[in-house]
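1. just need the structure, nothing else, for what follows:
(chains A, B, C and D)
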There are 2 protein chains.
Amino acid sequence: MRPHDLTEIRHLALFRDMRQSSFDALMQAAYVQGFPQGLELIRQGDHADFLHIIIDGAVELYASWAGRETTMAVVRPVGTFILAASIRDAPYLMAARTLERSRIVMVPSSDLRAVFREDSGFAVSVVEELAGCYRTIVRHAKGLKLRSSRERIASYLLRQSMIAGNVAGFILPIEKRILASYLGMTPENLSRTLKVLEADGVKIDGQRVIITDRARLTAVARPDALIDGPEPDDTGRGSTLPPVIARS
Amino acid sequence: MRPHDLTEIRHLALFRDMRQSSFDALMQAAYVQGFPQGLELIRQGDHADFLHIIIDGAVELYASWAGRETTMAVVRPVGTFILAASIRDAPYLMAARTLERSRIVMVPSSDLRAVFREDSGFAVSVVEELAGCYRTIVRHAKGLKLRSSRERIASYLLRQSMIAGNVAGFILPIEKRILASYLGMTPENLSRTLKVLEADGVKIDGQRVIITDRARLTAVARPDALIDGPEPDDTGRGSTLPPVIARS
DNA sequence: CGCCACGTTGACAGAAATCAAGGTAGGTGG
DNA sequence: CCACCTACCTTGATTTCTGTCAACGTGGCG
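-> Prediction:
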């Protein structure tokens, strides 16, 4: 593992407050691996042997059933995923695949659990990370159940704009078909609804988005901190923030 | 607090593996309260000062936005809820109200966090409980995104049957309008779809459900351990099992 | 150049929400 | 004991939303 990577991981919320000896123990057991684009890292139902940390690239977490698939989250550096299954020593509820060439650190679940028991600073970080993951997916479920497609899209666009620094223009960080799946609709529906939204203060040109009338779009989206998440500058105790879609 | 209640709480997965001194400390800070039916215990957005443990009655966790509401879970004894917000010291993402007269133990979040730091056995339990909550809502989101209304209803009925001991007949544990909301549809839609399902091996009479053709219903529901959850006898390390709908 | 994946568009079908009446059961009070 | 009230549930008619299927466009890349 490159020293630079170690430093970066060490600064992750999850590993920031642990003893150096604990960190060293974890990292000694861990290893880094590079993966090409489109590779299935984790299959649904597999046993959770490793906590994954992405330090380069992008990973999609998705679920499937009866031949259907849906995107549950997209994780970008530096973020962790599959923490819950690792902790519980349980089968993965979601699969994971790379969306780009990616480099990923894999920490054996057994070491994770051992260090958790010994280092209460780490234990606090794990439980906070996990609570954050839980809250993220609660928000996701709330959005799905309480908002229409149009409202979900509008909220997403406003949220991305905010993350980009409250600018009017930004680039969609993921492909539209994946966004559609994440938002719980078909690509066709997303495409059409984006067009409809042009009457509500947003201009879409390929991956480029320009918010032309923020007030109007906000009226449609009715953003809510208890669904859309806190201000992006709320790094709080320093969470593994969700730069694209959500944390795992 | 009655000794019986203390014993019952002590046997909860969350409190089973902690030191007696830690348990005593927590329980000394905690108090029990009785609530009438229909009382709002927690409001969305409020600050999370207490972990709640329900020892009698039933509590609905729900979310609201723009005048709409949706049921996220129903918790029955003996279960905990609102753990994530307590741990994170964050605002509640969901509201809670009693569905029946209920008795609830409230443990101050600050004590919870203090004991968490000192008692690694408790820390393990907390993180496992939380991971369980996370996994439960991931399943919920998967069901919403991957299954149609009809499939969700069929799965729910099969699941309830299994929890009741794989019997053909059982009683719906919650009102239909709440079930509809939990399953992400309107009461009208639930009502109609239940009727349609009578052609698929299930008979509904009020709250009474009789599965007349399990194979047929199973073919519709296509139950999946990664959505519907493990066998009910998988109390595993003894989780706060989800007797009705889901754990918080 | 031509393939291929992604996105868009159109026509249509199906699912679900909405609006509006009824019906039913359980509880209350006369 | 019965009438009535109130929630809950059901049913029907209708609209809206969303998915499906099919065709076409387009941009990147071999």
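2. drop to CA atoms for contacts and neighbour counts, all remaining ones
-> Fine.
3. low-confidence stretches in chain A?
-> Low-confidence regions of chain A, defined by pLDDT under 70, span residues A:231, A:233-248.
4. apply 80 and report the result again.
-> Low-confidence segments of chain A, defined by pLDDT under 80: A:1, A:231-248.
5. longest helix anywhere in it?
-> Ordering each helix of chain A by length in residues (DSSP state H) puts helix A:120-146 first.
6. can you list the helices and strands that the helix or strand following that one packs against?
-> Sequence-wise, the next helix or strand downstream of helix A:120-146 (DSSP states H and E) is helix A:149-163. Other helices and strands packing on helix A:149-163, by 3 or more CA pairs under 8 Å, 6 or more residues apart in numbering or on different chains; DSSP states H and E, are strand A:169-171, helix A:187-197, helix A:214-221, helix A:225-228.
7. let me have these in TSV, extended by mean neighbour count.
-> Below are those laid out as TSV (neighbours: other CA atoms under 10 Å in any protein chain shown):
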stretch	mean neighbour count
strand A:169-171	17
helix A:187-197	15
helix A:214-221	17
helix A:225-228	19
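8. rewinding a little: against which helices or strands is the longest helix of chain A packed?
-> helix A:13-16, helix A:109-118, helix A:225-228, strand B:59-65, strand B:68-75, helix B:83-88, helix B:109-118, helix B:120-146.
9. tilt between the last one and helix B:109-118?
-> When you say that, I think you mean helix B:120-146. Counting by axes from the mean of the first three to the mean of the last three CA atoms, to 10 degrees, helix B:120-146 lies at 110 degrees to helix B:109-118.
10. what's the angle from helix B:120-146 to strand A:68-75?
-> 130 degrees.
11. distance between helix B:120-146 and the chain's centre?
-> In terms of CA atoms, centre = their mean, to the nearest Å, the centre of helix B:120-146 is set 11 Å apart from its chain centre.
12. now swap in the third one and tell me
-> For helix A:225-228, the distance between its averaged C-alpha position and the chain's averaged C-alpha position is 15 Å (CA atoms, centre = their mean).
13. near DNA strand C, which residues of chain A show up?
-> Where proximity means CA under 7 Å from any atom of the strand, the interface of chain A facing DNA strand C comprises A:175-178, A:187-192, A:195, A:205-206.
14. to chain B, which of the helices and strands packed on helix A:149-163 lies closest?
-> helix A:225-228 (5.6 Å; CA to the nearest CA).
15. list of residues touching the closest one?
-> Helix A:225-228 is contacted by residues A:139-140, A:142-143, A:155-156, A:159, A:231, B:44-45, B:93 when judged by CA atoms under 8 Å, 6 or more residues apart in numbering or on different chains.
16. neighbour-wise, which one of those leads?
-> B:Leu93 (27 neighbours; other CA atoms under 10 Å in any protein chain shown).
17. assumed that one was part of a helix.
-> No: with DSSP: H, G, I helix; E, B strand; the rest coil as the criterion, B:Leu93 is assigned coil and is not in a helix.
18. now, which of the contacts of helix A:225-228 sits nearest DNA strand D?
-> Nearest to DNA strand D among those is A:Gly143, at 11.4 Å by CA to the nearest atom of the strand.
19. phi and psi next, for A:His47.
-> Dihedral pair for A:His47: phi -80, psi 140, per degrees, to the nearest 10.
20. relative to DNA strand D, which residue of chain A is the closest?
-> A:Met185 (3.7 Å).
21. on the three-state scheme, that residue is what?
-> Criterion first, three-state DSSP; result for A:Met185: coil.
22. so it sits against A:Ser148, correct?
-> No: the criterion here is CA atoms under 8 Å, and A:Met185 misses it with A:Ser148 at 10.1 Å.
23. tell me the residues of chain A that contact DNA strand D?
-> Counting by CA under 7 Å from any atom of the strand, chain A sits next to DNA strand D at A:148-150, A:184-186, A:188-189.
24. who wins on neighbours among the residues you listed?
-> A:Gly184 (23 neighbours).
25. residues touching the residue sitting furthest away from the middle of chain A, list them.
-> Taking CA atoms, centre = their mean, the residue of chain A most remote from its mean C-alpha position is A:Ala199, at 30.0 Å. By CA under 8 Å, 6+ apart, no residues touch A:Ala199.
26. confirm that it sits in a strand.
-> No: A:Ala199: not assigned to a strand; according to three-state DSSP it is helix.
27. per-domain residue ranges of chain A.
-> Following automatic domain parsing, one finds the domains of chain A at A:3-143, A:147-228.
28. mind putting those domains in TSV, distance to B:Arg214 included?
-> TSV is the format used below for the domains of chain A (distance: least, CA to CA, whole Å):
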stretch	distance to B:Arg214
domain A:3-143	19
domain A:147-228	30
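29. comparing these, which comes out most buried?
-> The highest mean neighbour count among those, using mean count of other CA atoms under 10 Å in any protein chain shown, belongs to domain A:3-143: a mean of 20.
30. dihedrals phi and psi, the residue lying closest to A:Phe35 once chain neighbours are set aside?
-> Spatial nearest neighbour of A:Phe35, chain neighbours left out: A:Ser102 (5.2 Å); criterion: CA to CA, 6 or more residues apart in numbering or on different chains. When read as degrees, to the nearest 10, the backbone of A:Ser102 gives phi -140, psi 150.
31. is it true that A:Ser102 touches A:Leu39?
-> No: A:Ser102 is beyond contact range of A:Leu39, at 9.5 Å (criterion: CA under 8 Å).
32. distance between stretch A:45-56 and the chain's centre?
-> Centroid separation for stretch A:45-56 versus its chain: 14 Å, with CA atoms, centre = their mean.
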